[in-house]
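>>> sequence isn't available, so here's the structure alone:
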């Protein structure tokens, strides 16, 4: 069987960025606007294991979670027409970065540290990587990951944008790319 290139209009879209930046919220809205399926990788893994990510980390370990995460993302990237939200740490895996960048359109949702830290109380309990860390350690992690997130097809600074504005901008960007690079 040949490994055929997925046409631009049919490529899945992957949202990357630090945990809590809005990948799931914005991604699900983009999916509705483009009439595509939305997949949150963490939610799918939680369903599969029957427990939240924090429990998977505690009971089975981060390595097991990352292994399953890589399998699922690889499968999704080889499918067409999905909108995919990957966890904040997924893109740290080289294999995940490579397949996402090769097979999909990768959007980096970029939120400044100042804006992000205002959200910490809303997300800290559900993010195992943040558990038992000081604010200084979390800030260091935030900036370390920016280097990895710099590998993308498109970046959107979301500090000043409402969810609807961010989703509309992304949809317009994707449609413009379709018209420019894959005209019908």
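Right, received. Where do you want to start? Predicted, not measured: the structure shown is a model, and the values here were computed from it.

>>> and the strands in this protein?
13-16, 37-40, 82-85, 105-110, 154-157 (DSSP state E).

>>> which residues touch the first one?
When you say that, I think you mean strand 13-16. Outside of strand 13-16, the residues that reach it under the criterion C-beta atoms under 8 Å, 6 or more residues apart in numbering are 23, 26-27, 30, 34, 36, 77, 82-86, 90-91, 100, 104-109, 149, 152, 170, 174. Using the backbone N, CA and C atoms, a C-beta is placed for each residue, glycine as well.

>>> mind running it again at 7 Å?
Applying C-beta atoms under 7 Å, 6 or more residues apart in numbering, the set of residues contacting strand 13-16 from outside is 23, 26-27, 30, 83-86, 91, 100, 104-109, 149, 152, 174.

>>> again, but for the last one
Taking contacts as C-beta under 7 Å, 6+ apart, the residues outside strand 154-157 that touch it are 107-110, 166, 169-170, 173.

>>> hang on, the earlier thing: among the contacts of strand 13-16, which ones are buried?
By the neighbour-count criterion of 16 or more other C-beta atoms under 10 Å, these include these buried positions: 23, 26-27, 30, 83-86, 91, 100, 104-109, 149, 152, 174.

>>> next, count neighbours for the nearest residue to residue 92 once chain neighbours are set aside.
Take residue 92 and drop its neighbours on the chain: the residue closest to it by C-beta to C-beta, 6 or more residues apart in numbering is residue 148, 5.8 Å away. In terms of burial, residue 148 registers 17 neighbours under the definition other C-beta atoms under 10 Å.

>>> and residue 7, by the same measure?
Each residue near residue 7 was counted by other C-beta under 10 Å, and the total is 11.

>>> how much space separates it from residue 104?
13 Å (C-beta to C-beta, to the nearest Å).

>>> who's in contact with residue 116?
Taking C-beta under 7 Å, 6+ apart, we find residue 116 in contact with 18, 20-21, 142.

>>> helices and strands of the protein: which one has the lowest mean pLDDT?
Taking mean pLDDT, DSSP states H and E as the measure, helix 120-123 is the helix or strand of the chain with the lowest mean score, a mean of 76.
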